[in-house]
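1. quick one, what's the 3D model for this:
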Amino acid sequence: MRKLVYVATNPVKDRLVERVHHWPGVNGLAALLTQRPLNATRPRHFFRRDGAMPEVVTLQLVLPSELGDPEQLRAELRQQVTAAEAAAAAERRRTGAGVLGRRAILRQSWRDAPASREPRRTLRPTVAARSRWARIETLLRNREFVLAYREARDRWIAGEVSAFPIGTYYLRRFAHVALAT
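-> Predicted coordinates for the structure are as follows:
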């Protein structure tokens, strides 16, 4: 639920729009809440008319049945999004900040880029976990995988027989390498 609320309210938290439904881009929240599919039409300027890409792609967002009653989940999602919008509005009132607004967003060119420079490559968020220890354990397992993969790849490139760690997809699928058991 926290991830859904985060994704839905990101434009509100970043002071781009006041309410989630004001966002002029794709609105997965509305599609999820109304149970309507998202339709994406192939842009004319990037694809050939007679190309292999379909004219329209449809995506139906659903809540997994393992999470419980979908209606109850949708109600909770609505409530949490409303609370996040109210919290963002209170923060804007407290600081005197405004929002960019739907019209200003739509007036921007898709070619525009920020003039300021943000520090880059300081974080690489590969794991999200509520528990600090679960996150640390997963990061350690990932580090072990990368080390085993590099070793196996170096041996494979040198022409030696090598077993790659389980989780190696591309080389297993396309180069038919062996996997460790």
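
2. all contacts plus neighbour counts: C-alpha atoms, from now on.
-> OK.

3. quick one: contacts for the nearest residue in space to Pro37 that is not next to it in sequence?
-> Leaving aside its sequence neighbours, Pro37 sits nearest to Gln60 (Cα to Cα, 6 or more residues apart in numbering; 4.4 Å). Listed by Cα atoms under 8 Å, 6 or more residues apart in numbering, the contact partners of Gln60 are Ala31, Gln35, Arg36, Pro37, Leu38.

4. make it 7 Å
-> Taking Cα atoms under 7 Å, 6 or more residues apart in numbering as the contact definition, Gln60 lies against Arg36, Pro37, Leu38.

5. so who does the first one touch?
-> Contact partners of Arg36, counting by Cα under 7 Å, 6+ apart, are Gln60.

6. with the one 5 residues further on instead?
-> Residues in contact with Thr41, defined by Cα under 7 Å, 6+ apart, are Glu55, Val56, Val57.

7. can you put those residues in TSV and add neighbour count?
-> What follows is the contacts of Thr41, written out as TSV (neighbours: other Cα atoms under 10 Å):
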residue	neighbour count
Glu55	14
Val56	10
Val57	12
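
8. can you list the domain ranges for the protein.
-> Following automatic domain parsing, one finds the domains of the chain at 2-107, 132-179.

9. export these to a markdown table and tack on mean pLDDT and distance to Thr122?
-> Putting those into a markdown table (pLDDT from 0 to 100; distance: least, Cα to Cα, whole Å) gives the following:
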| stretch | mean pLDDT | distance to Thr122 |
| --- | --- | --- |
| domain 2-107 | 94 | 20 |
| domain 132-179 | 93 | 16 |
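
10. of these, which is nearest Ala115?
-> Closest approach to Ala115 among those (Cα to Cα): domain 2-107, 16.1 Å.

11. how close does the closest residue to Leu67 other than its chain neighbours sit to Leu63?
-> Nearest non-adjacent residue to Leu67, counting by Cα to Cα, 6+ apart: Leu73, 8.0 Å away. Leu73 sits 8 Å away from Leu63, going by Cα to Cα, to the nearest Å.

12. if anything else comes up later, I'll come back, but that's it for now.
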